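*Asks:* sequence first, then the predicted structure:
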Amino acid sequence: MLGLMQNQPLLISNLIEFADRHHGDGEIVSRRVEGDIHRSDWNEVAKRSRQVANALDSLKLGHGDRVATIAWNGYRHLELYFGVSGSGRVLHTLNPRFHPDQIAWIINHAQDSVLCFDMTFLPIVQAVHAKCPSVKHWVALCDADRLPAETGIPGLQSYEALLAAQPDRYRWPEFDENTASSMCYTSGTTGNPKAALYSHRSTLLHAFAAAMPDMMCISARDSVLPVVPMFHVNAWGIPYSAALTGCKLVFPGPALDGKSIYELMETEKVSYAAGVPTIWQMLLTHMKPAGLKFSTLKRTVIGGSACPPAMIATFNDDYGVEVLHAWGMTEMSPLGTLCTLKNKHLSMSNDEQMKIRLKQGRAIFGVDMKIVDADGHELPWDGKAYGDLLVKGPWVLSAYYQGEGGDPLIKDELGQGWFPTGDVATIDADGFMQITDRSKDVIKSGGEWISSIEVENIAVAHPAVAMAACIGVAHPKWDERPIVVVVKKPGAEMSREELLQFYEGKTAKWQIPDDVVFVDAIPLGATGKMLKTKLRESLKDYKLPGNPT
Ligand code: AMP
């Protein structure tokens, strides 16, 4: 017997229609590439996303055609999020931090028909356009009078001119909720990048779940600043959860330095922000010497790579801001876990709570997870056993776009498919997961595993350390030994011996790194994570102290 409820597919157009009707005056504030602050609201975004849909119809784009963006977080990008997917096309957000050759490769792989870009990225588009025959329309996200005369890009048009010619009425099409809505290529540290292809259904379910109180807890009373880019995994789904809840959205545009972010937080009364640890490091480095405080910020979601305990403590103790440590990945839309305490933890001391807060957190309903040993047997949830982390759920990838890399899923004894995350983790009895490492970054020393994250966390707790990366170096007796590569804070003095001394008593003796290498900078990848492959490459001639052979 079937239920007798209305059978309305879960579509991204539902979100923008809802935002338009129910919180149309909800503010959307953007720092633009042009340098000024632009003010819009959900009514305006809805109207202009209908114009985007009409424009794509006028360009004769078919259902499922790919529309690419290379753009910062801003209102035009937001309009494309809804106009492109809502009209049945696939929004392909491109990461400008990839090398232009890789961008050209990705555009060709995705067979994008349209490319919309912020003027900051004109040089990238100039470098790739001749190599991308599938792109028939090049659109600069600017006013018509800002379009440079000579760009060398055939038929380049301005977004504003394109929209101005369109009516603002549009009937959003209805189709299967499993239809593809957007796509994002993974950073691909080895081999070519592969794409996760999200659906309308997966995006809406993720938007609901992400907004829940124990997750990102986004409401109409919040002013939300997503520093996490809209060009990578849909800014953790915040644009969709924002349309659903009607929170105020504050977009930083291209200005991601500590000073600009701080100013925007203060002027727009931001209560809630989201970003990777490197961004928050820049913010804190700006604030500390000037003795600045937050007047409205209450919570910040930090994820994308492990948030150092020292950062959680600084936000909490010095600024009264709650850090929500989150974990996920491109293949998971991206949210998997978020660290919020349970009722029984509330009476614990600050120190005990802190031990929980630095874990990556509990699974969100919609994501199931387990840890397994090398033979695929499930390991206990005791907070000690560590193994490969597998996940499944309606917003977890089932296959990469075009079947690249074959079937990624691992079947369990019931025939259910689990996605191997490539992370190594523990899970405790309360369901709190803690990432020990990427499986390829874990250091295998004398048959035991050393967590590079743990070694890094101790280093960055030292007041002179700005950034630290731990990598394994070949050792004749122990197979591998950890060393820690460190960037010092500007003006800070610290010797190798001082840092090694700092490890004493904070971890087991055999987990203390064998050496400290000071560098000016640690290479960062396209999504702001430390690129350990590059770091290993640059240290290939490095020899451990005493030169054991
Ligand atoms: P990406 O798909 O580029 O977003 O990268 C996903 C990977 O980033 C995960 O598989 C983890 O290795 C890492 N990651 C994300 N969030 C965290 C976190 N909170 N702590 C540690 N690693 C993380």
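*Replies:* Received it, and whenever you're ready, just let me know what you need.

*Asks:* end-to-end on stretch 524-543?
*Replies:* For stretch 524-543, the first-to-last residue distance is 23 Å (CA to CA, to the nearest Å).

*Asks:* what bits of this protein have low per-residue confidence?
*Replies:* Across the chain, residues meeting the criterion (pLDDT under 70) sit at 187-191, 549.

*Asks:* what does the protein put close to the ligand?
*Replies:* Within reach of the ligand by CB under 6 Å from any ligand atom, the chain has these residues: 186-187, 233, 303-306, 325-327, 329-330, 334, 360, 421-423, 435, 438, 527. Just so you know, the C-beta spots here come from the backbone N, C-alpha and C atoms, and that holds for glycine as well.

*Asks:* mind doing that once more with 8 Å?
*Replies:* With the criterion set to CB under 8 Å from any ligand atom, the chain comes near the ligand through 186-187, 232-233, 302-307, 325-332, 334, 360, 421-423, 435, 438, 453, 525, 527, 529.

*Asks:* narrow these to those in strands?
*Replies:* Among the residues of the chain next to the ligand, the residues falling in strands (DSSP state E) are 302, 325, 326, 327, 328, 421, 422, 423, 435, 438.

*Asks:* count of neighbours near the residue of the stretch 351-500 of the chain found nearest the ligand?
*Replies:* Per CB to the nearest ligand atom, the residue of the stretch 351-500 of the chain with the smallest distance to the ligand is residue 435, at 4.2 Å. The local packing count at residue 435 equals 21, with neighbours defined by other CB atoms under 10 Å.

*Asks:* ranges for the strands of the stretch 351-500 of the chain?
*Replies:* 362-363, 368-372, 387-392, 410-411, 417-427, 433-438, 443-445, 448-450, 465-475, 479-488 (DSSP state E, counting those that start in this stretch).

*Asks:* make JSON lines out of those and add distance to residue 224.
*Replies:* Listed next are these as JSON lines, based on distance: least, CB to CB, whole Å:
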{"stretch": "strand 362-363", "distance to residue 224": "22"}
{"stretch": "strand 368-372", "distance to residue 224": "27"}
{"stretch": "strand 387-392", "distance to residue 224": "26"}
{"stretch": "strand 410-411", "distance to residue 224": "36"}
{"stretch": "strand 417-427", "distance to residue 224": "27"}
{"stretch": "strand 433-438", "distance to residue 224": "25"}
{"stretch": "strand 443-445", "distance to residue 224": "38"}
{"stretch": "strand 448-450", "distance to residue 224": "38"}
{"stretch": "strand 465-475", "distance to residue 224": "27"}
{"stretch": "strand 479-488", "distance to residue 224": "30"}
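
*Asks:* and of those, who's closest to residue 38?
*Replies:* Distances from residue 38 to each of these were compared using CB to CB; the shortest belongs to strand 465-475, at 33.3 Å.

*Asks:* leaving out the residues flanking it, which one is nearest to residue 516?
*Replies:* residue 496 (4.3 Å; CB to CB, 6 or more residues apart in numbering).

*Asks:* that older thread, which among the residues of the chain next to the ligand end up buried?
*Replies:* 186-187, 232-233, 302-307, 325-332, 334, 360, 421, 423, 435, 438, 453, 525, 527, 529 (16 or more other CB atoms under 10 Å).

*Asks:* the closest residue to the ligand within the stretch 1-150 of the chain: what secondary structure?
*Replies:* Proximity of the stretch 1-150 of the chain to the ligand (CB to the nearest ligand atom) peaks at residue 95, 9.4 Å away. Applying DSSP: H, G, I helix; E, B strand; the rest coil to residue 95 yields a three-state assignment of coil.

*Asks:* quick one: buried residues of stretch 517-533?
*Replies:* 517, 522, 525, 526, 527, 528, 529, 530, 531, 532.

*Asks:* just checking, the residue of the stretch 351-500 of the chain closest to the ligand touches residue 326?
*Replies:* No. With contact defined as CB atoms under 8 Å, residue 435 does not reach residue 326; the gap is 11.2 Å.

*Asks:* show me the buried residues of stretch 517-533 that map onto helices.
*Replies:* With helices taken from DSSP state H, the overlap with the buried residues of stretch 517-533 comprises residue 532.

*Asks:* which of the buried residues of stretch 517-533 lies closest to the ligand?
*Replies:* Here the nearest of the buried residues of stretch 517-533 to the ligand, counting by CB to the nearest ligand atom, is residue 527; it sits at 4.8 Å.

*Asks:* and the protein, what are its domain boundaries?
*Replies:* Structural domains annotated on the chain: 12-255, 443-538, as defined by automatic domain parsing.

*Asks:* just the endpoints, please. Distance across the first one?
*Replies:* The first residue of domain 12-255 is 29 Å away from its last residue (CA to CA).

*Asks:* ramachandran coordinates for the residue nearest to residue 279 when sequence neighbours are not counted?
*Replies:* Once flanking residues are discounted, residue 279 sits nearest to residue 227: 5.1 Å by CB to CB, 6+ apart. Taking degrees, to the nearest 10, you get phi -80, psi -30 for the backbone angles of residue 227.

*Asks:* ok, which of the strands of the stretch 351-500 of the chain comes nearest residue 23?
*Replies:* Among the strands of the stretch 351-500 of the chain, if distance is taken as CB to CB, the winner is strand 362-363, at 29.3 Å.

*Asks:* in terms of secondary structure, what does that closest one contact?
*Replies:* Applying 3 or more CB pairs under 8 Å, 6 or more residues apart in numbering; DSSP states H and E, we find strand 362-363 packed against strand 335-338.

*Asks:* residues making contact with the strand it packs on?
*Replies:* Surrounding strand 335-338, the residues in contact under the criterion CB atoms under 8 Å, 6 or more residues apart in numbering are 206, 209-210, 214-216, 236-237, 301, 324-329, 360-364, 367, 369, 391, 395, 421, 433.

*Asks:* now that strand, how far from the centre of its chain.
*Replies:* Per CA atoms, centre = their mean, to the nearest Å, the displacement of strand 335-338 from the mean C-alpha position of its chain is 12 Å.

*Asks:* for the residue lying closest to residue 502 once chain neighbours are set aside, give its distance to residue 456.
*Replies:* In space, not counting the residues next to it along the chain, residue 502 is nearest to residue 462; the distance is 5.2 Å by CB to CB, 6+ apart. From residue 462 across to residue 456, the span is 11 Å (CB to CB, to the nearest Å).

*Asks:* hmm, back to that, out of the strands of the stretch 351-500 of the chain, which comes closest to residue 404?
*Replies:* Using CB to CB, the nearest of the strands of the stretch 351-500 of the chain to residue 404 is strand 417-427, at 14.5 Å.

*Asks:* next up, the contacts around the residue of the stretch 1-150 of the chain closest to the ligand.
*Replies:* The neighbours of residue 95, taking CB under 8 Å, 6+ apart as the test, are 185, 187, 229, 231, 232, 526, 527.

*Asks:* tell me which other helices or strands the helix or strand residue 38 falls within touches.
*Replies:* In this structure, residue 38 is located in strand 37-41 according to DSSP states H and E. Here strand 37-41 is seen to pack against strand 27-31 when contacts are counted using 3+ CB pairs under 8 Å, 6+ apart.

*Asks:* what about the strand it packs on, distance to the chain center?
*Replies:* The chain centre lies 20 Å from the centre of strand 27-31; the measure is CA atoms, centre = their mean.
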